[in-house]
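Q: Curious how this folds, go ahead:
(chains A, B, C and D)
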There are 2 protein chains.
Amino acid sequence: MTHHTPGERTHPDTPTQARGRRRRATLLTAAVDLLTEGGFAALTHRAVAHRANLPLAATTYYFASRDQLLAEAFAQLVDTELATTRTWITDHGLTALPELATADRTRQLSLWELYVHAGRHPELQRIARHWTDGCVRIIADTLNLPETDTRVRLLHTTITTLWLEHVVEQRPLDHTRALLTHALTTAQNALPPP
Amino acid sequence: MTHHTPGERTHPDTPTQARGRRRRATLLTAAVDLLTEGGFAALTHRAVAHRANLPLAATTYYFASRDQLLAEAFAQLVDTELATTRTWITDHGLTALPELATADRTRQLSLWELYVHAGRHPELQRIARHWTDGCVRIIADTLNLPETDTRVRLLHTTITTLWLEHVVEQRPLDHTRALLTHALTTAQNALPPP
DNA sequence: ATAAAATCGGTACACCCGTACCACTTTTCC
DNA sequence: GGAAAAGTGGTACGGGTGTACCGATTTTAT
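A: Numbering: from 1, shown residues only, chains lettered A, B, ... in the order given. Purely as a prediction, here's the structure:
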């Protein structure tokens, strides 16, 4: 037999060939989109492959398992979310957060879904923490305070809950908005002079 | 043919026979337990039936669908959770909340999982809101304030986020505890004299 | 007692899933 | 040029799922 060892080459993190790298990125994008639209349950090998116009086997070739695909898609989702949130806040201010949350509700839902999912899957906790830390940092930067400042942390907790409740429960906005501005002015009044 | 119409009798909300009512309750308890331990994904017809020591068909006989079973189990889970939380707080005070959250982490995870799940399933939103409202009311009662009071709402948002973060991210307790007591004293200081 | 209704439970169907397999083609490297 | 490596894709396997089906049994009402 002049045969090589059987094709044990699978799941390359960064494929050597250009087309492969492109394909992997396409799959990841498709995964993120599916996650965004349908949440955790929508992420299946078949759906991803179909969405990316690639054969089913491509998903198992570039990703070791569904869990790994999920982890990478989650990480990417968090990164773009943080970036989106930051620019939105610098453009419109913290008061305008409810509008952002209403805009793409399904993405928020997916994010929270994955966030809670991380509670049972330690390999995702790093990403969950990264999201939380990113949000805190955005608030700290907006208020020109260190992210360890108590006012920042408190404001963050208020914003988070209001956000989550708004996305999940879909209550009328009035109460949310009132509470948000109240928390904001409280934090602002306690600010040291610039 | 002297035959009756075929057996279209299914999914009774309250079975007429005593044993049936008992069986339905057993199934529901099993469903709650499974949900508590394994979350959303653990709730399957077969698992419930096996847990309740009943045949598979019993689940489809007493519940119209998995979704209905899930809804009822979720509702029951929220009710017992609210009761547990209330007695814990009246016994140990608001400061001792982190201990409660650490005690049965998997149940908390399941609750949050279902809570977020309700965002995509409007028939569950009523239950989600009921949980939120219950938590607010507990805080209001503890502080002897109306549940519309701003301090109550703010404290609630802080507690909720700290709780969720603690359950999901499993960070060290120090920061959580410090922030919680800070928020508490802030709210307490703003109290009107009794 | 007896017919009708309610309940029971074993089984089967159709579907979707993650993943493995493997012959095949393309690219890379010497 | 030619062998090895990388990539490709159609297919299949084994398993779990919700739910329907339907004859047998038990309870209820008359």
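
Q: all helices for chain A, in order.
A: A:18-38, A:45-51, A:56-62, A:66-92, A:97-103, A:105-117, A:125-143, A:150-169, A:173-189 (DSSP state H).

Q: Mind checking if stretch A:42-54 is in reach of DNA strand C?
A: Yes. Contact of stretch A:42-54 with DNA strand C (Cβ under 7 Å from any atom of the strand) involves A:Leu43, A:Thr44, A:His45, A:Arg46, A:Ala47. For glycine as for every other residue, the C-beta is placed from the backbone atoms N, C-alpha and C.

Q: how about that stretch, does it get close to chain B?
A: No. On the criterion Cβ under 8 Å from any Cβ of the partner chain, stretch A:42-54 is out of touch with chain B, staying 10.6 Å away.

Q: follow-up on the earlier one: can you put the helices of chain A in TSV and add mean neighbour count and mean pLDDT?
A: Output for the helices of chain A, formatted as TSV (neighbours: other Cβ atoms under 10 Å in any protein chain shown; pLDDT from 0 to 100):
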stretch	mean neighbour count	mean pLDDT
helix A:18-38	18	95
helix A:45-51	17	98
helix A:56-62	17	97
helix A:66-92	17	97
helix A:97-103	15	90
helix A:105-117	22	97
helix A:125-143	18	97
helix A:150-169	22	96
helix A:173-189	15	87
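
Q: right, and those helices - which one's nearest B:Asp79?
A: B:Asp79 lies closest to helix A:150-169 among these, at 17.7 Å (Cβ to Cβ).

Q: how far away is the most centrally placed residue in chain A from A:Thr90?
A: The centroid of chain A falls nearest to A:Val78 when counting by Cα atoms, centre = their mean (2.3 Å). Relative to A:Thr90, A:Val78 is positioned 19 Å away (Cβ to Cβ, to the nearest Å).

Q: A:Arg120 too?
A: Separation of A:Arg120 from A:Thr90 (Cβ to Cβ): 35 Å.

Q: now swap in A:Thr150 and tell me
A: Computed as Cβ to Cβ, the A:Thr150 to A:Thr90 distance reads 23 Å.

Q: cool, A:Leu77 as well?
A: Distance of A:Leu77 to A:Thr90, computed by Cβ to Cβ: 21 Å.

Q: do A:His156 as well
A: The spacing between A:His156 and A:Thr90, counted by Cβ to Cβ, is 17 Å.

Q: related to what we said a few turns ago, include distance to DNA strand D when you put the helices of chain A into JSON lines, please.
A: Shown next, in JSON lines, are these (distance: least, Cβ to the nearest atom of the strand, whole Å):
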{"stretch": "helix A:18-38", "distance to DNA strand D": "4"}
{"stretch": "helix A:45-51", "distance to DNA strand D": "9"}
{"stretch": "helix A:56-62", "distance to DNA strand D": "3"}
{"stretch": "helix A:66-92", "distance to DNA strand D": "12"}
{"stretch": "helix A:97-103", "distance to DNA strand D": "31"}
{"stretch": "helix A:105-117", "distance to DNA strand D": "17"}
{"stretch": "helix A:125-143", "distance to DNA strand D": "25"}
{"stretch": "helix A:150-169", "distance to DNA strand D": "23"}
{"stretch": "helix A:173-189", "distance to DNA strand D": "35"}
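
Q: Turn the ones you listed into TSV, including distance to B:Leu69.
A: Shown next, in TSV, are the helices of chain A (distance: least, Cβ to Cβ, whole Å):
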stretch	distance to B:Leu69
helix A:18-38	22
helix A:45-51	26
helix A:56-62	32
helix A:66-92	26
helix A:97-103	31
helix A:105-117	20
helix A:125-143	29
helix A:150-169	21
helix A:173-189	32
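
Q: which one of those helices lies closest to B:Pro172?
A: Closest among those, using Cβ to Cβ: helix A:125-143, at 11.9 Å.

Q: Nice, that's everything, thank you.
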